[in-house]
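Novice: Make a model of this:
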Amino acid sequence: MRSANPVLDRLDDVGRTERQVLGVEAGDAMTVADVVARTVGLLLLTGVTAAVAWFVVPQAAWISAALAGSALASLALVLVISLKQITNPPLIVGYAVLQGLLLGVASRAFELVYPGIVAQAVVGTFGVFLGMALLYRARLIRATPRLARLVIGTLVGIVALGLVNLLAYLFTGRQGVAVYSLSGQVGWLPYVFSVVAIIAGALGFVLDFDLVERSVRNRLPRRYAWYCAFGLLVGLIFLYWQILRLLSYVRR
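Specialist: Okay, here's the model as predicted:
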């Protein structure tokens, strides 16, 4: 079963091939603790970088350059790391730093318009993540092939519609399924789009948890713990943006 997270999608295939070619000693196999430790470390690094960017980057003078530069660099790193299945810690740490810069600058812009919204989005993001982890741990939600097809199809549609909407906004100024301005009225469609994205992102964690557990059972090399942590970080950042956007709609 594949993960809904595009970063972790081909981990089973890569791990299977590597085990067949190289084999893995017992002491070199990945554990759940390895993934947890690296995920927490990446989250802390992202948070610290975001805090520095929040206070250091001038809001008026550098926000456009900071947002554009960090967004493009982050997208490039996601594509390189995920397509090449890179487990190199410096590249993954670089992604966390760039995303921290992007999160810090953009979140401050939201906070200036809607005071308190960032704290609400952070609490909501980790609340959803922990809630899905508890539901998965209790086996109240299971990673089934049907769930995988539903979540993957939904996320593919969300990404595709989001890209079309962004291109339409850049060339025509019109905003459809997602609203990029921080003020003005919002119709019903962006609300629905954000709620669906949040639900899909939350259910995607169930598939991610299942893939990490299978990877541990299949004794993937320890360095893949970095790759799993990177995938979970990507999922958390996606969820944060969707919750932040939905909260901004409600606050208008």
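
Novice: Just the pLDDT at residue 116, thanks.
Specialist: pLDDT recorded at residue 116 is 94.

Novice: Could you report the separation of it from residue 244?
Specialist: 12 Å (C-beta to C-beta, to the nearest Å). Using the backbone N, CA and C atoms, a C-beta is placed for each residue, glycine as well.

Novice: Would you mind identifying the helix or strand in this protein with the lowest mean pLDDT?
Specialist: For the chain, scoring each helix and strand by mean pLDDT, DSSP states H and E identifies helix 11-21 as the least confident one, at a mean of 55.

Novice: chain center to whatever helix or strand comes next after that helix, what's the gap?
Specialist: Proceeding N to C from helix 11-21, the next assigned helix or strand is helix 32-56, under DSSP states H and E. Average the C-alpha atoms of helix 32-56, do the same for its chain, and the two points are 13 Å apart (C-alpha atoms, centre = their mean, to the nearest Å).

Novice: can you check stretch 182-193 too?
Specialist: 22 Å.

Novice: With stretch 109-123 instead?
Specialist: In terms of C-alpha atoms, centre = their mean, the centre of stretch 109-123 is found 18 Å from the chain centre.

Novice: Could you do stretch 236-248 as well?
Specialist: 10 Å.

Novice: Residues touching that stretch, excluding its own?
Specialist: 43, 46, 99, 103, 107, 110, 113-114, 117-118, 120-122, 124-125, 128-129, 178-179, 182, 190-191, 194-195, 197-198, 201-202 (C-beta atoms under 8 Å, 6 or more residues apart in numbering).

Novice: Quick check: ChimeraX command selecting the buried ones in these.
Specialist: If you want just the buried ones from the contacts of stretch 236-248 in ChimeraX, going by 16 or more other C-beta atoms under 10 Å, the selection is:
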select :43,46,99,103,107,110,114,117,118,121,122,124,125,128,129,178,179,190,194,197,198,201,202
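
Novice: What residues of the longest helix along the chain count as buried?
Specialist: Taking DSSP state H as the criterion, the chain has its longest helix at helix 188-217. For helix 188-217, the neighbour count (16+ other C-beta under 10 Å) marks 190, 193-194, 196-198, 200-212, 214-216 as buried.

Novice: And the helices in the stretch 51-200 of the chain, which stretches?
Specialist: Using DSSP state H, counting those that start in this stretch, the helices of the stretch 51-200 of the chain run over 59-83, 89-113, 117-137, 145-172, 188-217.

Novice: I'd like to know which of those helices lies nearest to residue 29.
Specialist: Of all those, helix 188-217 sits nearest to residue 29, with 7.5 Å by C-beta to C-beta.

Novice: now the angle from the closest one to helix 117-137?
Specialist: Relative orientation of helix 188-217 versus helix 117-137 (axes from the mean of the first three to the mean of the last three C-alpha atoms, to 10 degrees): 50 degrees.

Novice: Now that residue 162 has come up, it's in contact with residue 178, right?
Specialist: Yes - Residue 162 lies in contact with residue 178 (C-beta atoms under 8 Å); the separation is 6.0 Å.

Novice: overlap in contacts of those two?
Specialist: By C-beta under 8 Å, 6+ apart, residue 162 and residue 178 have no common neighbours.
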